[in-house]
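Asker: Here is the input, now give the coordinates:
(chains A and B)
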Amino acid sequence: MNTQVILSLISGIMIGGIAAYLGTLMLSKKMSVVAGPLAHLAFPGVAIAILCGFNLAFGVFPFVLFGAFLIWMLERKTKLPMENLSAVIFAIGVGTSLLFLPIGKAEEALVGNIMHITFTETVFISILSLGTYFFVRKIYNYMMLINIDEDLVKIEKRDISLYNLGYLLAIATVVSLGVYLVGGLITAALIAIPAGASRNISKGLIQYKFWALTFGVLGAVFGIILSIIFHLPTGPLIIVSNAIIFIFSVIIQRRGNKV
Amino acid sequence: MSNLLEVKNLKVELDHEVIHKDLSFILEEGEMLTILGPNGAGKSVLLKVLLGLLPYKGEVIWHKKPRIGYLPQNLSHLAIKNLPLTVEDFFKLKEGVVSKKLIIEALEMVGLDSSVYQKSASTLSGGQFQRMLIAWVLILKPDVIFLDEPTSGIDIGGGQNIYTLLDRLRGEYPLTIVMVTHDIHVVYAHSDKVLCLKRKDRSCFGEPKTILTPQLLEHIFGMKIKFYEH
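Answerer: As a prediction, this is how the structure comes out:
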């Protein structure tokens, strides 16, 4: 196995794993849909990175993090639901990027470039993924409680708004990482599908988190291996792998119900 | 019994609408206070004000720093059934709850079998679910619990069991309870004090048997209320 494949696999495992783990929280908060609009907000950053000739990360991360911050701020000011604000942000992201995004050169941003990942990028992805994992693990129970009833956390004198900001920034980080792995168009699938598959077969929170993480990692590994074998784009193959895992989870769930 | 909470000239205004004004009452340690009133009278709002969750004018004075437990009104099957939570998971969401022994003790305290520990929270019956919620509120032995319609959605027998359970717990340790309910019979049978609320107006405060007359209830609810004094 050559070094490039190893770097791709490490990056894929890291991003697939953290996206799936965060996905369990987002699915529980019915927020899986928010990841899509945020990923599309990467496009203006991609356009600027391509036009200025620098690494995609320098375009993607600032725009997506700023988008998350904007959603958080607008939610506080307007009290509009996050789904609605995400749609607004999505429209702004896609609308402005279409004005000047050189589509021909944007394939990397649309379907990912994990097979060309460098050593430095792999280190950067690994540190960000692990950092985000530990952060999300720390706020996980509080976010679950906020999902059930915000007041249960408020009576402990905790600032819900700060938790929501941290949560949104974690989503933004994972979405930006997802752009590397599968591109901006289908990043939401990395978050939604493994969590959904895990939800189908899990009976408790520990199983739910474990299987989502496992499916996220397996989807990325299978997708990368299939891409090497069939010489097809990696991003879509990772999503197809995830989709197959999801179908199996539905079959297992149906059998479980029959028993 | 000593005073635990004193509320003086409370005024609550939300979205430019006055919900409460000139509201004053006292809660003593170990007492069960029921907040009674029709829909829209601001019962849940008052609970949230006492918990420090909503802004107010006037004074809310806690004479001690109690450990507080809270069961919100909408904490129901609906809020939890879509989450992949076992009973154990649900308890472990609460900070400071890590031990299986502690959870099982809390479940048994409210009359639930320890076998529900591993069950999915969404598969519990209405009565079991409410008991589990009360165990969840009580697990860290709070001094005061705030219960917002703790028997909503369960049948009369199940509701009665919950009130009997609360009475038993008050006999075991000095637990103070502030509860919102629509059920006048519960007020007579279980409460030491009642605070009746009519929209934007404090209607009454005192011992149920002394102050809750049919005329007053008609005034609060705007219709004749049939009740049977226990």
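Asker: Can you pull the phi/psi pair for residue B:11?
Answerer: phi -130, psi 130 (degrees, to the nearest 10).
Asker: so who does it touch?
Answerer: B:18, B:20, B:21, B:22, B:23, B:56, B:57, B:58 (Cβ atoms under 8 Å, 6 or more residues apart in numbering or on different chains). Just so you know, the C-beta spots here come from the backbone N, C-alpha and C atoms, and that holds for glycine as well.
Asker: got the phi/psi numbers for the last one?
Answerer: Translated: residue B:58. Residue B:58 has phi and psi values of phi 100, psi -160 when expressed as degrees, to the nearest 10.
Asker: what about it, how many neighbours?
Answerer: Using other Cβ atoms under 10 Å in any protein chain shown, residue B:58 has 16 other residues around it.
Asker: Any residues of the stretch 151-259 of chain A in contact with chain B? List them.
Answerer: Within the stretch 151-259 of chain A, the positions near chain B by Cβ under 8 Å from any Cβ of the partner chain are A:151-152, A:154-157, A:199, A:202-208.
Asker: Against which helices or strands is the strand or helix carrying residue B:20 packed?
Answerer: Assigned by DSSP states H and E, residue B:20 falls within strand B:17-28. Here strand B:17-28 touches strand B:3-14, helix B:43-50, strand B:176-181, strand B:193-198, strand B:201-206, going by 3 or more Cβ pairs under 8 Å, 6 or more residues apart in numbering or on different chains; DSSP states H and E.
Asker: Only C-alpha atoms, please: export the first one in CSV.
Answerer: When you say that, I think you mean strand B:3-14. Taking Å, rounded to 0.1, in the frame of the first residue of the first chain, the C-alpha atoms of strand B:3-14 are listed here in CSV:
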residue,chain,number,x,y,z
ASN,B,3,-39.7,30.3,55.4
LEU,B,4,-37.9,29.0,52.4
LEU,B,5,-39.1,31.4,49.7
GLU,B,6,-40.7,34.8,49.8
VAL,B,7,-42.2,36.5,46.8
LYS,B,8,-43.1,40.1,47.1
ASN,B,9,-44.9,42.4,44.7
LEU,B,10,-43.9,40.2,41.7
LYS,B,11,-44.6,41.6,38.3
VAL,B,12,-43.9,39.6,35.2
GLU,B,13,-44.2,41.0,31.7
LEU,B,14,-43.5,39.0,28.5
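Asker: okay, the angle between that strand and helix B:43-50?
Answerer: Orientation check (axes from the mean of the first three to the mean of the last three Cα atoms, to 10 degrees): strand B:3-14 against helix B:43-50 gives 120 degrees.
Asker: pLDDT averaged over strand B:3-14 - what is it?
Answerer: For strand B:3-14, mean pLDDT rounds to 91.
Asker: Listing partners with orientation, what would you give for it?
Answerer: Sheet pairing of strand B:3-14 (DSSP bridges) gives strand B:17-28 (antiparallel), strand B:57-62 (antiparallel).
Asker: about what we covered before: how far away from the center of its chain is the helix or strand that comes right after the strand holding residue B:20?
Answerer: Next along the chain after strand B:17-28, taking DSSP H and E as the criterion, comes strand B:32-36. In terms of Cα atoms, centre = their mean, to the nearest Å, the gap separating the centre of strand B:32-36 from the centre of its chain is 8 Å.
Asker: Buried among the contacts of residue B:11? Need that as a selection in PyMOL.
Answerer: Applying 16 or more other Cβ atoms under 10 Å in any protein chain shown to the contacts of residue B:11 leaves a buried subset, and the PyMOL line that selects it is:
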select buried, chain B and resi 20+23+56+58
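Asker: how about stretch A:125-133: buried residues?
Answerer: A:125, A:128, A:129, A:132, A:133.
Asker: The first one: which element?
Answerer: In this structure, residue A:125 sits in helix A:119-148 according to DSSP H and E.
Asker: what about that helix, average pLDDT?
Answerer: pLDDT averaged over helix A:119-148 gives 94.
Asker: quick one on the thing from earlier: okay, the contacts of residue B:11 in JSON lines with pLDDT next?
Answerer: JSON lines is the format used below for the contacts of residue B:11 (pLDDT from 0 to 100):
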{"residue": "B:18", "pLDDT": "86"}
{"residue": "B:20", "pLDDT": "88"}
{"residue": "B:21", "pLDDT": "85"}
{"residue": "B:22", "pLDDT": "87"}
{"residue": "B:23", "pLDDT": "89"}
{"residue": "B:56", "pLDDT": "93"}
{"residue": "B:57", "pLDDT": "93"}
{"residue": "B:58", "pLDDT": "92"}
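Asker: Quick check: which helices or strands does the helix holding residue A:125 pack against?
Answerer: The contact analysis (3+ Cβ pairs under 8 Å, 6+ apart) places helix A:119-148 against helix A:3-28, helix A:150-154, helix A:160-182.
Asker: How about residue 23, nearest residue that isn't a chain neighbour?
Answerer: Since you didn't name a chain, this refers to chain A. In this structure, residue A:23 finds its nearest non-sequential neighbour in residue A:195, 3.4 Å apart by Cβ to Cβ, 6 or more residues apart in numbering or on different chains.
Asker: That was the other one, I meant chain B.
Answerer: Distance criterion Cβ to Cβ, 6+ apart; nearest residue to residue B:23, sequence neighbours excluded, is residue B:10 at 4.1 Å.
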